[in-house]
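In: Here is my input, please return the structure:
(chains A and B)
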Protein chains: 2
Amino acid sequence: MSHTAKNISNSILGFTVEKTIIDDHGVGRARAATVTLPGSLGRTYEIRTPVFMPVGTLGTVKAVATRELTEMGAQIILGNTYHLYLRPGHDRIERLGGLHKFMNWDKPILTDSGGFQVFSLSKLNKIDDQGVTFRSHIDGSSHRFTPEHSMAIQRGLGSDIVMAFDECPPYPATQEQVQKAMRRTVAWAERGLNFELKPHQARFGIIQGGLYENLRTQSATEIGSMPFDGFAIGGLSIGESPDLMQAMCRHTAPLLPADRPRYLMGVGRPEDLVEGVRAGIDMFDCVMPTRNARNGQLFTSQGKVNIKNTRYADDNSPLDPECPCETCTQYSRAYLRHLFVCGEVLSARLNTIHNLSFYLRLMSQMREAILENRFDDWVKTFYTNYSKHSAVNSSS
Amino acid sequence: MSHTAKNISNSILGFTVEKTIIDDHGVGRARAATVTLPGSLGRTYEIRTPVFMPVGTLGTVKAVATRELTEMGAQIILGNTYHLYLRPGHDRIERLGGLHKFMNWDKPILTDSGGFQVFSLSKLNKIDDQGVTFRSHIDGSSHRFTPEHSMAIQRGLGSDIVMAFDECPPYPATQEQVQKAMRRTVAWAERGLNFELKPHQARFGIIQGGLYENLRTQSATEIGSMPFDGFAIGGLSIGESPDLMQAMCRHTAPLLPADRPRYLMGVGRPEDLVEGVRAGIDMFDCVMPTRNARNGQLFTSQGKVNIKNTRYADDNSPLDPECPCETCTQYSRAYLRHLFVCGEVLSARLNTIHNLSFYLRLMSQMREAILENRFDDWVKTFYTNYSKHSAVNSSS
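Out: Numbering: from 1, shown residues only, chains lettered A, B, ... in the order given. Prediction:
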């Protein structure tokens, strides 16, 4: 290994931990911090953590406009390298001025490496130590990603945080399979580090190791010693139980450098975010709030609401009385149900606005509770309230 | 006939003509006016005409929120009685506080009578002098509308302008068929007049007569002599050529009372709106800007743009450089094309915002030109510019 010691003194990403909650075992876990990034638009970005990043797969967070993202307090969004590479193409986006300009978003963007989609969405042809050959899920055309190519695409997109290319093994997989993917991910991380990005672009390494604690430990030790600006836990929430996922997160998070942001990829339900923050995670992304919104499943302070349920047909009350979002302050449950049942475009939008607002507010509430040293109480209250409606709904 | 003389002195709808353009034959045609309505929300509405009414079929103008309608200058929208009767039901909307509250719209709403949809969209079972029995296009369930029932539904919805129930014959149809429908529409108009509405609700009569000038004359004379608050020309733009439609509009409009608003139903293309205003029409509605937006056909000051065209893939310029709408000021043609090609929800929204903005601005430009006595020049300039892009597009 060429990088056995951390060397992030010249990191372009600033990370200041403002408060860490000391748990019963005396080990710091939940924390509030500020990430600073130089930005490509001539100004410095500040991101307050813990933070949730709405997923903007194809240059749009599905069903909402960027002005709504700003209004609901989104600080950073995620773009999908695999999707944007296929449509409209990273070269095109670069020619048009970069992803920020293309989609009219003037805050930070994190792009994933494309690895997860290549392994989960496309038809794989071949994986070798050099890279991955796959077929597009759209038209079956053949493509090849290498660690360098993934970096080059993300450079073209001009994102603010670039993820190293990783191999994400399926679940379940044998320890041998997972170990092989983990070792390859370490090698690919090294190669990614040597690829020159744009001056404003920070880069994160990704921990793999499946559900094997020893492999997670090994991956965290090796990747964690490389001079990345931040570290992500990948390969979770791919079919294993929430308990197992949370346990693996609790195992891995504290192994990562405390002075760098920790990012739990693709997770998850509101309770998973709470448990992630408890374990010391700073950053999250997930399609759940946006995708479930389009399917009529809404998250509220009292639990989940299935808006197509007949019980809401005459319900003139707001979806979540505690929520200050546009949807909850301006529309009734009856109207939201009507829009959903009729398949109206506005349904996807109003539902997405609420679900994202709920997720973003959940994060800012946790941050506030951490800063005010009342995080444990906040967690207890959250679970008490959040189980109310779910109980009602599950009885219907 | 019980109403042979006009009796609108106690109309709740105020109508002040501010300017009328005298054409070459010395007959007034294009006009700018103000409609006042009492409103149900404790304040008086003012509508500046000529005006275009976006169509909000199911309690939502498809793909946009009411705040955007306000931002783009919409003064009044249309709700579809047939659709809202079926889903979610007028009784339910009334219980929930009326259509304004239900859909979060605090400006005027005009509801149609349901007649056009019953005749064009549902499966007709029986038409007789009492009413129409039909099957729902959604679930095949059987329903019956009478003139009184149509009024009762619109009363429940609480709209500001209520349309009389009419029979809309298909095109083509024999003179005998059209005459029969026209006579029935006159009888139904009488019955509609006798139905008690809410105190804030104005009511309009509808002229039928197909493409037969003599029947249009007869219908306009008879309906026009009844004490309606305004008069609509129905049964046009149902398959006949634009030339024929415009000719029939020019024939009928001047036969209607000059001191009441004139409304051309379901029309049409931008050039049809220009010709309608020339003929003395004050109000318009059409699904074209919203429906075509969702299909990627956009209206600009230089003509129509088919946004999926490959030529726009690398086009970083705004859709319509002259348009001040959110879509044109914040996004490129390349982005709009990308969203459309990928089937993103945001595509429908941004396209709809532009098309409606274009239609609404077209109307306000005409109003301004009329008030400033330069309407003929405006019309010439409009046609010169509007043909530019269409010529380019049709050559591709």
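
In: Which helix or strand in chain A has the lowest average pLDDT?
Out: In chain A, the helix or strand scored least confidently by mean pLDDT, DSSP states H and E is helix A:375-394, which has a mean of 81.

In: so how far is that one off the chain centroid?
Out: In terms of C-alpha atoms, centre = their mean, to the nearest Å, the centre of helix A:375-394 is set 23 Å apart from its chain centre.

In: which other helices and strands contact that helix?
Out: Contact partners of helix A:375-394 among helices and strands, from 3 or more C-beta pairs under 8 Å, 6 or more residues apart in numbering or on different chains; DSSP states H and E: helix A:270-278, strand A:303-306, helix A:345-371. (Each C-beta comes from the backbone N, C-alpha and C, glycine too.)

In: Which one, of these, ends up nearest to residue A:232?
Out: The closest approach between residue A:232 and any of the helices and strands packed on helix A:375-394, judged by C-beta to C-beta, belongs to helix A:270-278 at 12.0 Å.

In: returning to that earlier point: okay if I get the helices and strands packed on helix A:375-394 as JSON lines plus mean neighbour count?
Out: Converted to JSON lines, the helices and strands packed on helix A:375-394 look like this (neighbours: other C-beta atoms under 10 Å in any protein chain shown):
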{"stretch": "helix A:270-278", "mean neighbour count": "22"}
{"stretch": "strand A:303-306", "mean neighbour count": "19"}
{"stretch": "helix A:345-371", "mean neighbour count": "23"}
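
In: any chance of these in a markdown table, plus distance to chain B and mean pLDDT?
Out: Listed next are these as a markdown table, based on distance: least, C-beta to the nearest C-beta, whole Å; pLDDT from 0 to 100:
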| stretch | distance to chain B | mean pLDDT |
| --- | --- | --- |
| helix A:270-278 | 23 | 97 |
| strand A:303-306 | 17 | 96 |
| helix A:345-371 | 4 | 98 |
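
In: hmm, who's touching the least confident helix or strand of chain A?
Out: The set of residues that contact helix A:375-394 without belonging to it, under C-beta atoms under 8 Å, 6 or more residues apart in numbering or on different chains, is A:21, A:30, A:270-271, A:274, A:278, A:300-306, A:309, A:362, A:365-366, A:369.

In: try 7 Å
Out: For helix A:375-394, the external contacting residues (C-beta atoms under 7 Å, 6 or more residues apart in numbering or on different chains) are A:21, A:30, A:270, A:274, A:278, A:300-306, A:365-366, A:369.

In: Closest one of those residues to residue A:118?
Out: Checking the contacts of helix A:375-394 one by one against residue A:118 (C-beta to C-beta), the nearest turns out to be residue A:270, at 28.7 Å.

In: quick one: pLDDT of the closest residue to residue A:95 other than its chain neighbours?
Out: Closest residue in space to residue A:95, ignoring its immediate chain neighbours: residue B:314 at 6.5 Å, by C-beta to C-beta, 6 or more residues apart in numbering or on different chains. Confidence at residue B:314, expressed as pLDDT, is 98.

In: which residues sit in contact with the closest residue to chain B within the stretch 151-300 of chain A?
Out: Across the stretch 151-300 of chain A, the shortest distance to chain B (C-beta to the nearest C-beta) belongs to residue A:294, at 8.0 Å. Contacts here follow C-beta under 7 Å, 6+ apart; on that basis residue A:294 touches A:62, A:63, A:348, A:351, A:352.

In: which of those lies closest to residue A:93?
Out: Taking C-beta to C-beta as the measure, residue A:93 lies nearest residue A:62 of the contacts of residue A:294, at 17.9 Å.

In: what residue ranges in the stretch 51-200 of chain A are flagged as low confidence?
Out: Counting by pLDDT under 70, the stretch 51-200 of chain A shows no low-confidence range.

In: tell me the centre residue of chain A?
Out: residue A:285 (1.6 Å; C-alpha atoms, centre = their mean).

In: Setting aside sequence neighbours, what's the nearest residue to that one?
Out: Setting aside the residues directly before and after it, residue A:285 is nearest to residue A:53 in space (C-beta to C-beta, 6+ apart), at 4.2 Å.

In: For the one you found, grab the count of nearby residues.
Out: Under the neighbour criterion other C-beta atoms under 10 Å in any protein chain shown, residue A:53 is assigned a count of 25.

In: Got phi/psi on it?
Out: When read as degrees, to the nearest 10, the backbone of residue A:53 gives phi -110, psi 110.

In: check contacts around it.
Out: When contacts are counted by C-beta under 7 Å, 6+ apart, residue A:53 is found next to A:76, A:77, A:78, A:110, A:283, A:284, A:285.

In: cool, and residue A:349?
Out: A:63, A:64, B:345.

In: how does it look with 6 Å?
Out: When contacts are counted by C-beta atoms under 6 Å, 6 or more residues apart in numbering or on different chains, residue A:349 touches residue A:63.

In: where's it relative to residue A:290, distance?
Out: Taking C-beta to C-beta, to the nearest Å as the measure, residue A:349 falls 11 Å from residue A:290.

In: Confirm for me that residue A:336 is in contact with residue A:307.
Out: Yes: with contact taken as C-beta atoms under 6 Å, residue A:336 and residue A:307 are classed as touching, separated by 5.1 Å.

In: if we can go back for a sec, let me know the closest of the contacts of residue A:53 to residue A:123.
Out: Set against residue A:123, the nearest of the contacts of residue A:53 by C-beta to C-beta is residue A:78 (23.8 Å).

In: Mind listing the strands the helix or strand that contains that closest one pairs with, and their directions?
Out: Using DSSP states H and E, residue A:78 maps to strand A:77-79. Counting by DSSP bridges, the strands paired with strand A:77-79 are strand A:55-56 (parallel), strand A:109-111 (parallel).

In: Spell out, range by range, the helices that occur in the stretch 201-350 of chain A.
Out: A:213-224, A:242-252, A:270-278, A:288-294, A:326-330, A:333-341, A:345-371 (DSSP state H, counting those that start in this stretch).
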